[in-house]
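>>> A predicted structure for the sequence below; I have some questions about it.
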Amino acid sequence: MNKRTVQLLAVLMAAVIIGWFGFGRGESGVVAAETVQTVASATPPYTVTVGATGSVMVEPDVAYLNLAVETRGSKAVEAQQANADKFAAVEKTLYEKFGIDKKDVKTTGFNVQPEYNYTEEDGQVLKGYVAVHSIQVTYRKLTEIGKLFDALSASGANRIDGVRFSTEKKEQYELDALKKAMDNAAAKAGVLATSAKRQLKGVINIVQGDVSDNPILFAREQANMKFATADGEASSSVQSGQIEISTNVTVQYEMQ
């Protein structure tokens with residue numbers, strides 16, 4: 001092999017070796033770039049997390065009346081029969097006079113129990129028996145609820161265990177409360193971001209809390225005061241007030 005051929009082969013080998021190492025360096029560079037990008041993306045962004053509440057005040061559109069017919073007798077059967085007679089009159093008032101649907105009246109309890117007197121001389125002595133038939137009435141004509149109270153009292157419902165005013169549009173009002181909660185959260189986050197010399201970029205995460213409808217309650221003593229006497233006086237007046245429906249959110253924002 002002459003000298004010229006040897007020199008040519010040496011040049012070719014050098015070119016191959018340089019090209020191989022250059023390719024290797026290029027591949028290594030790509031891997032390094034990907035590593036840097038991965039590390040950068042793994043770096044958590046600047047964030048701010050706030051909690052906020054939204055609420056709306058609404059008029060009630062339904063009332064739940066818990067009432068009972070309570071009767072007594074010397075024997076259990078007498079107390080029970082007296083109760084059945086009075087309750088029949090209550091049902092007539094509910095279904096015929098006020099046109100309440102039967103699905104809006106449900107029995108919540110019925111029992112017949114002995115009653116006792118206690119004296120130091122005789123101890124516990126049977127007095128008789130008491131029968132109680134309890135029901136819950138769903139009523140939507142709130143402007144006539146005073147008249148309903150009076151009519152039920154006159155027909156034999158001699159005990160009111162409580163009245164609850166609420167709304168059957170809770171889901172609709174919940175959406176309004178959520179909008180207010182999110183507006184309040186954005187306002188809070190904006191103030192915090194500005195104080196930190198940053199700007200809000202977008203929402204990362206939202207968690208909704210519980211929803212409260214805070215119904216208006218009349219306890220047994222208050223409700224019983226709403227019964228008017230059935231002697232021609234004016235109808236009972238019941239003011240239901242307003243219901244507050246509220247919810248809360250926890251919102252995480254990204255800042256830049």
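Received, thanks.

>>> in stretch 166-185, what counts as buried?
Judged by neighbour count using 16 or more other Cβ atoms under 10 Å, the buried positions of stretch 166-185 are Ser166, Thr167, Tyr173, Glu174, Ala177, Leu178, Lys180, Ala181, Met182, Asn184, Ala185. Every residue, glycine included, has its C-beta placed from N, CA and C.

>>> need the contact list for the last one.
With contacts defined as Cβ atoms under 8 Å, 6 or more residues apart in numbering, Ala185 is in contact with Val50, Gly51, Ala52, Val249, Val251.

>>> and the last one, which helix or strand is it part of?
Okay, so that is Val251. strand 243-255 (DSSP states H and E).

>>> show me what that strand is packed up against.
strand 46-58, helix 170-195, strand 200-212 (3 or more Cβ pairs under 8 Å, 6 or more residues apart in numbering; DSSP states H and E).

>>> all helices of the stretch 1-150 of the chain, in order?
Assigned by DSSP state H, counting those that start in this stretch, the helices in the stretch 1-150 of the chain fall at 3-42, 76-92, 145-155.

>>> rank the ones you listed by pLDDT, which is bottom?
Per-stretch mean pLDDT for these is lowest at helix 3-42 (a mean of 47).

>>> do me a favour and get the end-to-end distance for stretch 137-156?
15 Å (Cα to Cα, to the nearest Å).

>>> what residues sit buried inside that stretch?
Across stretch 137-156, burial judged by 16+ other Cβ under 10 Å covers 137-139, 142, 145-146, 148-156.

>>> circling back to that earlier point, out of the helices and strands packed on strand 243-255, nearest to Gly109?
Closest of these to Gly109 is helix 170-195, at 26.4 Å (criterion: Cβ to Cβ).

>>> between the closest one and strand 243-255, how many degrees?
Angle between the axes of helix 170-195 and strand 243-255 is 40 degrees (criterion: axes from the mean of the first three to the mean of the last three Cα atoms, to 10 degrees).

>>> what is the mean pLDDT for helix 170-195?
Mean predicted lDDT for helix 170-195 stands at 96.

>>> okay, angle between that helix and strand 200-212 too, please.
Using the same axes, to 10 degrees: helix 170-195 against strand 200-212 is 140 degrees.

>>> distance from helix 170-195 to the middle of the chain?
Relative to the centre of its chain, helix 170-195 is centred 18 Å away, using Cα atoms, centre = their mean, to the nearest Å.
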